[in-house]
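1. got a predicted model here, sequence first, then my questions.
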Amino acid sequence: MNTRRLFVASCLALLTTSMVFSIRGDIVDALTLDFHITKEQMGAILSPAFWGFTLSIIIGGSLVDWLGMRNLLLTSSLGYVAAVLVIILAPRPAAPVESIFGNTGTTILYAGMLALGLCQGLVEAVINPLIATIYSNDKTSKLNMLHAWWPGGLVVGGLVAFALTKALGLEGATGAAATHGWQIKLAVVILPALLFGLMILGQKFPATERVAAGVSTREMFGEVLRPMFLLWFACMWLTASTELGPDQWVASVMGNVAHMQGILILVYTAGIMFVLRFFAGPLAHRLSPLGLLTMCAVLSAIGLFALSSATSPGLAFVAATIFGVGKTYFWPTMLGVTSERFPRGGPLLLAIMGGAGMLSVAFILPVMGGWYDAHGAAAAFRYVAVLPVVLTFVFGGLFLYYRARGGYKAVAIGAGQPSA
């Protein structure tokens with residue numbers, strides 16, 4: 001088994017997944033104009049990309065031991081290509097659309113977004129248990145290094161989108177001209193999708209940590225009902241909404257609030273995350289994972305409130321720095337703690353956590369779109385900033401809870417799972 005190749009392929013698969021995210025965020029306004037829909041309708045069309053992710057990751061994570069990691073990743077690789085082509089070839093409505101499903105073009109667009117979400121979910125269903133298995137003694141650190149390529153893909157996708165905007169003369173375009181070029185931007189995703197598929201052809205994949213330890217399927221499903229896991233599951237809804245909801249709207253919101261190319265804010269915060277996630281191990285050891293998550297919640301709240309008030313590019317970048325640092329460790333640390341505290345849950349619990357994260361974004365996107373339409377661009381960020389305020393109290397309380405019990409510790413998979 002070529003461990004390094006599997007890790008690199010996993011990183012590339014995640015990079016592809018996040019490139020979809022950043023490029024899709026950049027073309028939101030163009031899609032809205034080209035398909036004659038409102039911001040709220042666009043939010044609804046974006047949402048299946050996230051609940052499709054949820055469906056895919058939960059089903060894929062539950063069946064990964066039977067269907068095989070390589071087969072699921074190959075399906076995702078080819079699925080990305082098909083989904084992009086479906087979206088690009090969807091017919092454009094000739095007039096404003098009253099109902100998404102009342103028009104062929106918007107229905108196909110919706111289906112394409114769903115297909116993208118299904119492919120993204122298959123990637124997460126495989127790579128998280130794969131890395132937790134091949135690096136079983138260093139899960140939080142390696143999962144953070146793997147998930148550094150989520151912001152890495154945001155940077156690559158964002159810079160590609162920005163460069164194409166410049167090259168195609170789309171900056172400041174209005175009317176019909178503003179609907180040009182989004183097809184070329186989205187088509188870029190096909191290249192890395194094919195590449196990670198080629199990398200895993202013929203490669204041997206390991207059995208998951210759960211299977212290797214002899215934990216039964218019944219025991220794995222039993223972990224879902226642990227009280228502390230249920231609390232962790234609820235927290236994932238809030239952390240993912242805080243991190244990913246604003247990311248998908250940032251290009252549009254910052255363009256209206258700070259009068260700048262908002263995609264640059266996404267690229268900038270993603271760059272911060274990419275660098276910092278390589279240092280998650282030392283920080284988690286010094287602060288503990290719960291201390292790290294508490295710090296992230298505080299900074300995310302401050303950053304989002306500041307972004308909603310930014311009136312110039314300079315102020316936007318200062319606020320984005322705070323938010324970028326704050327949201328850095330949410331997703332991988334939530335997964336790392338899940339794998340460390342509930343190892344007998346195997347790929348199922350990791351899939352449920354990833355699915356919960358994406359499902360939460362499917363809910364928050366149309367809500368943010370509704371705030372945007374009703375109260376203006378700034379309100380979309382200001383209202384969602386309440387979520388990390390809540391998380392500050394939850395994670396802070398858990399930090400004190402574990403400290404009173406002797407400190408946070410990872411659980412060995414052969415040991416009995418503690419009640420907390």
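-> Sure, I can see it.
2. host element of the spatially most central residue of the chain?
-> By Cα atoms, centre = their mean, the mean C-alpha position of the chain lies nearest to Leu244, the distance being 5.9 Å. Per DSSP states H and E: Leu244 is located in helix 227-257.
3. any idea of the mean pLDDT for that helix?
-> In this model, helix 227-257 has a mean pLDDT of 84.
4. quick one: buried residues of it?
-> For helix 227-257, the neighbour count (16 or more other Cβ atoms under 10 Å) marks 229, 232-233, 235-255, 257 as buried. Every residue, glycine included, has its C-beta placed from N, CA and C.
5. quick one: that helix to chain centroid distance?
-> Relative to its chain's centre, helix 227-257 lies at 9 Å (Cα atoms, centre = their mean, to the nearest Å).
6. after it comes which helix or strand?
-> That would be, after helix 227-257 and using DSSP H and E, helix 263-276.
7. burial count for Val224?
-> 14 (other Cβ atoms under 10 Å).
8. residues contacting it?
-> By Cβ atoms under 8 Å, 6 or more residues apart in numbering, the residues touching Val224 are Gly345, Leu348, Leu349, Ile352.
9. can you list those in TSV and add distance to Tyr329 and secondary structure?
-> Supplementary listing: the contacts of Val224 in TSV, determined by distance: Cβ to Cβ, whole Å; DSSP: H, G, I helix; E, B strand; the rest coil:
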residue	distance to Tyr329	secondary structure
Gly345	21	helix
Leu348	23	helix
Leu349	19	helix
Ile352	20	helix
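10. can you pick the most crowded of those?
-> Busiest of the contacts of Val224 [other Cβ under 10 Å] is Leu349, holding 28 neighbours.
11. so the nearest residue to Arg341 once chain neighbours are set aside, which of the three states?
-> Leaving out its chain neighbours, the residue that sits closest to Arg341 by Cβ to Cβ, 6 or more residues apart in numbering is Val411, at 5.6 Å. Classification of Val411 by DSSP: H, G, I helix; E, B strand; the rest coil places it in coil.
12. ok, Val411 to Ala351 distance?
-> When distance is defined by Cβ to Cβ, to the nearest Å, Val411 is 19 Å away from Ala351.
13. those two: which is more packed in?
-> Counted by other Cβ under 10 Å, Val411 and Ala351 do not tie: Ala351 has more neighbours, with 27 against 15.
14. test my guess that that one contacts Ser56.
-> No - Ala351 lies out of contact with Ser56 (Cβ atoms under 8 Å); the separation is 9.2 Å.
15. shared neighbours, the two?
-> Shared contacts of Ala351 and Ser56 (Cβ under 8 Å, 6+ apart): Ala125.
16. and Met236, what is it in contact with?
-> Neighbour list for Met236: Met334, Met353, Ala356, Gly357, Ser360 [criterion: Cβ under 8 Å, 6+ apart].
17. filter those down to the buried ones, PyMOL style.
-> Listed next is the PyMOL selection for buried residues among these, using 16+ other Cβ under 10 Å:
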select buried, resi 334+353+356+357+360
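18. inside helices: which ones of the contacts of Met236?
-> Met334, Met353, Ala356, Gly357, Ser360 (DSSP state H).
19. need the residues you listed in TSV with distance to Leu225 and pLDDT, can you?
-> As requested, the ones in helices among the contacts of Met236 are exported to TSV (distance: Cβ to Cβ, whole Å; pLDDT from 0 to 100):
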residue	distance to Leu225	pLDDT
Met334	19	93
Met353	15	92
Ala356	15	87
Gly357	20	85
Ser360	21	86
